[in-house]
Structure formats: structure tokens, C-alpha cells
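Undergrad: below are the sequence and a predicted model; questions follow.
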Amino acid sequence: MDPRFGVTLSRRGFLSLAGLALGTWALTPGPSRASGIKLPRRGDLRLVAISDLNSSYGSTSYLPEVLRAVELIPSWKPDLVLCGGDMVAGQKLGLSRVHLSAMWASFHRQLLAPLERAGLPVAITMGNHDASSARSGGRYTFELDRQEAERYWRGQQDALGLQFVDATGFPFAYSVRQHDLFLLVWDASSATVPAEQVAWAEQQLRSPQARSARMRLVLGHLPLLAVGQGRDTPGNVLQHSEALRQLLERTGAHAYISGHHHAYFPGRVGQLDLLNLGALGSGPRRRLQDSTPPVQTLTLIDAFWPQGEGATEGSSAGRTVYTTYNMTSLQPISSQQLPAQIRPSQGPPLRRIG
């Protein structure tokens, strides 16, 4: 048990705290130059995680909260920026190639280019509004969306600052070894992750590059379990979620990070953290069994590596701290504002971290 927090260490010694529990602020805070926001003590690895940035179908504009986040993130100097998908507002039949291209051009100009100019590595996963993998009649329902998304991201691949392990399936599925982090991204832009991709994911997570990393994370758009009101339906969570969760546990993943439900919740099932990112863009949702008004959010992930004897490369003993902000008020969200658990209609409950 960590005496500062009174929280028992989890599997492999990781202490996972919900971002804005009061304990987070007991860590020596430092000001953000851009806003005066007090940040938690920086970990040995700092990630910024955002998701669901888009506005209404076909839109090429972004809400103030999204633009504010892009302005703030460089001053926090993260080692990596993660995006959980839905970066543009596609998934609408009838949008032309020209219109889809214009949406990606707007995303680039307003969101990605400022992060690239700041020298920040960026890893993304495809959302259903970016490049849905839903199929009908033996082909992708939104084939044009996928073509335009692939065209855009192939053009950005070398500028993302990522150290790829396997980029064969980029931008839909790929792996990265960044510092002491192994990141696997799979195509969870619909409810089905193809069997061959699941097999590839297991191979990647068992690879020497993954095993020698201090932390293994998996990023995808749809979650394993429902957390958001209006999204507790089969098409809005991954199929075979229990088998996928067991695979991630078995291969040593620390967390699965997802979006889509527009409701922030840092949960755990078994030994796997399920970090559900809230919407930074339009349409934030209430959590299941929670009447708290929905807000747009951004999450910091600080990972602290172990010190002293036994702290070797590949050792995953340590702790992680999730710190999440209401991006309208720029105020922290404490764990006391979150339900102790969320109970989806299918699958086990998610216990709140922290």
C-alpha cells in the first residue's frame, strides 16, 4: 500500500489512480505556461490522450474546447499524444471525395499541424467517423471514407515522430516502440476486430520489442465494455470483448484506451485498466448510472517507473496516474465526481480506478 494515497498497488505493482482524485494534487504540481493550470508531478513518461474531436456530419470546423486543447498541449511537453479516433465528421453516405479531403485538410491545419510544429509525436486510431470498418455485401460500407483517411495518413506517416515496429497496416493497425512504451493500435472503428488482426496483435504484444518495454498499451476506438448512456448496445462495443480482454491481460498489456462513448471513465476489469476517454468535441454523454452533466475532457497519463533494486528494463512495476480536465472550465475532475463502478448491460462491471 502506498502510504501517500492509501491505495493498494495493482498487478505488477502499478498504482492506477483516477486522474483528478485529491491525491493527484498532493503530488508536487507545476504551472502550465499557457493557462496557469496546475499539473500533477510529471512521470517518467507523460502522455496526453484525446478523443472524439469532430463536430456534426460533414463539418470542417472544431469547437473551442478542441482548439484550446491543441493550444495547451505543447506547453505540457508530453512524450506522446494519443488520439482515440473520430477526428473528422464522416460516416455519412453522399459525402464526396472532395468534401472528405476538405475535412482532413481542416483537421491538419487546425489540429495536427500545430502539434507537429511543436515537435510532438502523435499516434492515432481510426474512429467510425474517420474510416468505419463496417461491411455490407462483402465490402466496406464507407469505402470512400477509408480511402481518403488512408491517403491523408499515409502522407503524414513520416511526420508523426513515431518509431514504428510494424507499420504494414498503417494507419488502421500498427505498433510503435516509443521510449519505454510499446503501443499497439488496432482497427476498432466498428464492433468487429478481424480475427487475423487479433492474431497479429497477440504476436506483436509477445514480441521482444513489447516484452522489453516498461509499459504496453493498446489503443482503439470502440471500447470493450459500455460506459456511456445511449451507447450500451451491441454495435457500440467490441464483439468478443471478454476474449479480447483476456488476450490483453495474457500478453501483459497495462491498459486498453478507447473513445466512442463520449464519457470519461477510468475503470478496471480483472487486471486490465480500461481508460474510456471522453469527447473533446461535440456530444459529450453522461455515464451509465450517473446523472452528472456531461463535459468535454482531456486526459494526462503519467507513468512512474520503479526505482532501486529490481528496476530493470522490461520491468512493469511502478504506477500510473490518470489526470483529467473539464476542458470548458479547465478544472480537474476528481474521482469523487465519478461513480464507484459502472455496470453495462453486457459483461462485468468496471471498477473505478482511484
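TA: Yes, it's here. Computed from a prediction, not measured in an experiment: that's the story for all the values here. Numbers count the residues shown, from 1 in each chain.
Undergrad: helices of the stretch 51-200 of the chain, residue ranges please.
TA: Using DSSP state H, counting those that start in this stretch, the helices assigned to the stretch 51-200 of the chain run over residues 64-76, 97-107, 113-117, 128-131, 143-156, 195-205.
Undergrad: report pLDDT for P339.
TA: P339 carries a pLDDT score of 97 in this model.
Undergrad: where's it, which helix or strand?
TA: Element membership of P339 [criterion: DSSP states H and E] is none; it lies in no helix or strand.
Undergrad: what sits against it?
TA: Counting by CB atoms under 8 Å, 6 or more residues apart in numbering, P339 touches 287, 289-290, 352. To be clear about C-beta, it is placed using only N, CA and C from the backbone, and glycine gets the same treatment.
Undergrad: among the residues you listed, which two are most distant?
TA: Greatest spatial distance in the contacts of P339: Q289 and R352, 11.6 Å, computed using CB to CB.
Undergrad: on that earlier part again, the helices of the stretch 51-200 of the chain: which one's closest to D52?
TA: Counting by CB to CB, and looking across all of the helices of the stretch 51-200 of the chain, nearest comes helix 128-131 at 8.4 Å.
Undergrad: counting by contacts, list what that closest one packs against.
TA: Helices and strands touching helix 128-131, as assessed by 3 or more CB pairs under 8 Å, 6 or more residues apart in numbering; DSSP states H and E, comprise helix 143-156.
Undergrad: average pLDDT for the helix it packs on?
TA: In this model, helix 143-156 carries a mean pLDDT of 98.
Undergrad: which residues sit against it?
TA: Applying CB under 8 Å, 6+ apart, the external contacts of helix 143-156 come out as 90-91, 95, 97, 100-101, 104, 108, 112, 124, 126, 130-133, 140, 170-172.
Undergrad: how far away from the center of its chain is that helix?
TA: A distance of 20 Å separates the centroid of the chain from that of helix 143-156, by CA atoms, centre = their mean, to the nearest Å.
Undergrad: dump it to CSV, restricted to CA.
TA: What follows is the C-alpha trace of helix 143-156 in CSV, where atoms were taken according to Å, rounded to 0.1, in the frame of the first residue of the first chain:
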residue,chain,number,x,y,z
GLU,A,143,-15.2,2.7,-48.6
LEU,A,144,-14.6,6.3,-49.7
ASP,A,145,-14.0,7.3,-46.1
ARG,A,146,-11.4,4.7,-45.7
GLN,A,147,-9.7,5.6,-48.9
GLU,A,148,-9.4,9.2,-48.0
ALA,A,149,-8.3,8.5,-44.5
GLU,A,150,-5.6,6.2,-45.7
ARG,A,151,-4.5,8.7,-48.3
TYR,A,152,-4.2,11.5,-45.8
TRP,A,153,-2.4,9.5,-43.1
ARG,A,154,0.0,7.8,-45.4
GLY,A,155,1.1,11.3,-46.4
GLN,A,156,1.6,12.2,-42.7
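Undergrad: and G119, how far from D302?
TA: In this structure, G119 and D302 are 20 Å apart, going by CB to CB, to the nearest Å.
Undergrad: okay, the two: which has more neighbours?
TA: Between G119 and D302, counting by other CB atoms under 10 Å, D302 is the more crowded of the two (23 against 9).
Undergrad: residue contacts, that one?
TA: Applying CB under 8 Å, 6+ apart, we find D302 in contact with 40-43, 45-47, 320-321, 323.
Undergrad: tally up the residues packed near I73, please.
TA: Neighbour number of I73 under other CB under 10 Å is 22.
Undergrad: same check, this time on D44
TA: The criterion is other CB under 10 Å. On that basis, D44 has 16 neighbouring residues.
Undergrad: shaky segments in this protein?
TA: Judged against pLDDT under 70, the low-scoring parts of the chain cover residues 1-36, 308-317.
Undergrad: which residues sit against the strand or helix carrying R351?
TA: In this structure, R351 is located in strand 350-352 according to DSSP H and E. Around strand 350-352, the neighbours that count as contacts under CB under 8 Å, 6+ apart are 18, 225, 227, 265-269, 274, 335, 338-342, 344.
Undergrad: filter these to the buried ones?
TA: Of the members of these, the ones counted as buried by neighbours, 16 or more other CB atoms under 10 Å, are 18, 225, 227, 265-269, 274, 335, 338-339, 342, 344.
Undergrad: TSV for those, including distance to G283?
TA: Below are the buried ones among the contacts of strand 350-352 laid out as TSV (distance: CB to CB, whole Å):
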residue	distance to G283
A18	23
L225	20
V227	15
F265	16
P266	20
G267	21
R268	26
V269	26
L274	21
S335	24
L338	19
P339	20
I342	19
P344	20
